[in-house]
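Q: pasting the sequence and the predicted model now:
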Amino acid sequence: MSSLLAATPPAPETPPHTGGLLLLLDGTAGLLTVAALGIVLLLVLIIKVRLQPFVALLAVSIAVGLSAGLSVTELFGTVQRSASVSMIESGMGGILGHVAIIIGLGTMLGAILEVSGGAEALSARLLNLFGEKRAPLAMGLTGLIFGIPVFFDVGIFVLAPIVYAAAKRSGKSILLYCMPLLAGLSMTHAFLPPHPGPVAAAGLFKVDLGWVILMGVVVGIPAVLAAWVYAAWIGKRLFVPVPQDMLEAADEAKAAVAEERAARRAAARSTGSTDASADGTGKGKGTGKGADGGTGTVVTAQPEDYAEQPVPLATVFLIIGTPLLLILAATFSSIALDPSTFRSVVEFFGHPFVALTIALLMAYYLLGIRRGWSRQSLETVSTSSLKPVGNILLVVGAGGVFGAVLKGSGIADALADTFNDVGLPVIVLAWLISVVLRVAQGSATVAIVTTAGIVVPLVEGQDLSQAHLALIIMAISAGSIFASHVNDGGFWIVAKYFGISERDTLKSWTVLETVLSVAGFAVAASLSVFI
């Protein structure tokens, strides 16, 4: 019996997929046709049909998989429990298992910094430091630093009133102040974790976030400097006045916040119920008794009630810098140190999950509890900040599904062989593909996750270093911000929030993004020759 078992031939390998469109056009040509039609369908669904990107990516992934001959079982699994995992589940879970926690923690950290006034403290300090003449540079640095923990659009909403005030005080074009700020916010959004694009790409390429942070800084700083040069040039040649309606709205919002803060603090000082005087002046004495049995009196708001204590600048830098330094230390400890207890401790605290958790807890205490926030307020701010994250995570997850389908169907290998025959370096192809997808459909996140799904198979088996892979991620990220125009939501946020006409937005913001993209790609491509 044992000899018979030993002689049993091995199970045959899974044959190449031949169903779907491959029945009409087989081999590499058929797979490339499926890939091209899939990308075209994705663009049509997003641009023309206006389908939500998550739904579009998921639908295209299914269509591409079936067209490339994948079975229903391979795509969706089976109804009964089995050891096999469907491509949709593995693609979605594989990327979100890495990305969701980082984006969630980073989002809550940014919300605490935003609501506590950290951005305003940072910009005010920089404006005082650099003076009136260098106010555009101060705005650019504000966007660069505060853009690390907050999303691009949130940074605009929080920092726009400071831009209005600086432009109104100087009487110069608002472009001179908003464009450097936007360049800083856009650079961090494109190149640095914990923003969704670079985090998603790092997950797909399996690159340590420490390398992504390091290369993001190395590539992003020269890129943003080039963008600031253009911002200074266009700001002096194109005059755009401060939008009065937005200026008034900002003043009203500040007044409302001050009133609410005053009421809260006045109520906190009260030891009993209060009643306003019958004449409506609010100066009468209350008759209710406090909790201690004493007579309650009306507590009027004091001047200090209307102003939150400013956040120390050192606290802002400490909270933002701590996770970055911990992650970088863990990355380089794996290179410079031999296995030891100390190295394990460094790698533990430098894991992105742990590092961001530490930073969030620091923000809770230093910006919240120590400054009088209640635990309920911290919970409210944290919970509300996560509401817009759901869409981002779903899009990133659907991008992971698309990549899994490309790989499982054999399309990725066909693309790899074809692009290798073209002769262009992978980093150039990565940027070009990302640029095409960005210009065509507008979403930077969709451009990154789709491009990564196409490019990851091209680098498999090439034994590229983590640093080199991080540079390829930088090229993809740079392509994802190229030429923001009317199909990009960011274009309209910039235009409407700063009162810029569509024509002038194309001259300023669109070109600024293009400069940032090209400069970032140029630096990444140049470094890839030596790394």
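A: Looks like it came in fine. Residues are numbered from 1 along each chain as shown.

Q: now the helices: where do they sit in the stretch 301-450 of the chain?
A: Assigned by DSSP state H, counting those that start in this stretch, the helices in the stretch 301-450 of the chain fall at 313-336, 341-350, 352-363, 375-385, 389-409, 411-422, 426-441, 444-459.

Q: nearest to G203, of those helices?
A: Nearest to G203, of all the helices of the stretch 301-450 of the chain, is helix 389-409, at 7.8 Å by C-beta to C-beta. (Glycine included, C-beta is placed from N, CA and C.)

Q: that closest one vs helix 411-422, what angle?
A: If you take axes from the mean of the first three to the mean of the last three C-alpha atoms, to 10 degrees, helix 389-409 sits at 80 degrees to helix 411-422.

Q: who does helix 389-409 touch, helix- and strand-wise?
A: Applying 3 or more C-beta pairs under 8 Å, 6 or more residues apart in numbering; DSSP states H and E, one finds that helix 389-409 contacts helix 27-47, helix 53-67, helix 87-115, helix 196-205, helix 411-422, helix 444-459.

Q: so which of those helices comes closest to M362?
A: Minimum separation from M362 across those (C-beta to C-beta) falls at helix 87-115, 9.0 Å.

Q: counting by contacts, list what the closest one packs against.
A: The helices and strands touching helix 87-115, judged by 3+ C-beta pairs under 8 Å, 6+ apart, are helix 53-67, helix 72-76, helix 152-170, helix 196-205, helix 313-336, helix 352-363, helix 375-385, helix 389-409.

Q: mean pLDDT and mean neighbour count for the ones you listed - can I get that in a markdown table?
A: Compiled in a markdown table, the helices and strands packed on helix 87-115 are given as follows (pLDDT from 0 to 100; neighbours: other C-beta atoms under 10 Å):
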| stretch | mean pLDDT | mean neighbour count |
| --- | --- | --- |
| helix 53-67 | 91 | 22 |
| helix 72-76 | 86 | 16 |
| helix 152-170 | 84 | 21 |
| helix 196-205 | 92 | 26 |
| helix 313-336 | 88 | 18 |
| helix 352-363 | 93 | 20 |
| helix 375-385 | 87 | 15 |
| helix 389-409 | 85 | 23 |
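
Q: quick one: low-confidence parts of the protein?
A: 1-16, 18-19, 79-84, 245-262, 264-265, 268, 271-309 (pLDDT under 70).

Q: for the spatially most central residue of it, grab phi and psi.
A: Against the mean C-alpha coordinate of the chain, by C-alpha atoms, centre = their mean, the closest residue is H195 at 2.6 Å. Backbone torsions for H195, taken as degrees, to the nearest 10, come to phi -70, psi 150.

Q: could you point out the helix or strand that follows the helix or strand harbouring I472?
A: Assigned by DSSP states H and E, I472 belongs to helix 466-479. Counting by DSSP H and E, the element after helix 466-479 in chain order, helix or strand, is helix 489-497.

Q: buried sites along that following helix?
A: Residues G490, F491, I493, V494, A495, Y497 are the ones in helix 489-497 that count as buried (16 or more other C-beta atoms under 10 Å).

Q: so the fifth one sits against L506, correct?
A: Just to be clear, that refers to A495. No. Using C-beta atoms under 8 Å, A495 is not in contact with L506; the gap is 9.3 Å.

Q: nearest residue to R343 other than its sequence neighbours?
A: Closest residue in space to R343, ignoring its immediate chain neighbours: L337 at 4.4 Å, by C-beta to C-beta, 6 or more residues apart in numbering.

Q: how about S377?
A: Nearest non-adjacent residue to S377, counting by C-beta to C-beta, 6+ apart: G368, 7.1 Å away.

Q: again, but for H195
A: Spatial nearest neighbour of H195, excluding adjacent residues (C-beta to C-beta, 6+ apart): H189 at 5.0 Å.

Q: cool, F491 as well?
A: With C-beta to C-beta, 6+ apart as the criterion, F491 has its nearest non-adjacent residue at 5.0 Å, and that residue is S484.

Q: re the thing from before, what angle do helix 426-441 and the helix holding I472 make with each other?
A: With the same axes, to 10 degrees defining the directions, helix 466-479 sits at 30 degrees from helix 426-441.

Q: helix 466-479: how far from the chain's middle?
A: Remark: helix 466-479 is offset 16 Å from the chain centroid, using C-alpha atoms, centre = their mean, to the nearest Å.

Q: repeat that for stretch 128-138.
A: Once both centres are worked out by C-alpha atoms, centre = their mean, stretch 128-138 turns out to sit 27 Å from its chain's centre.
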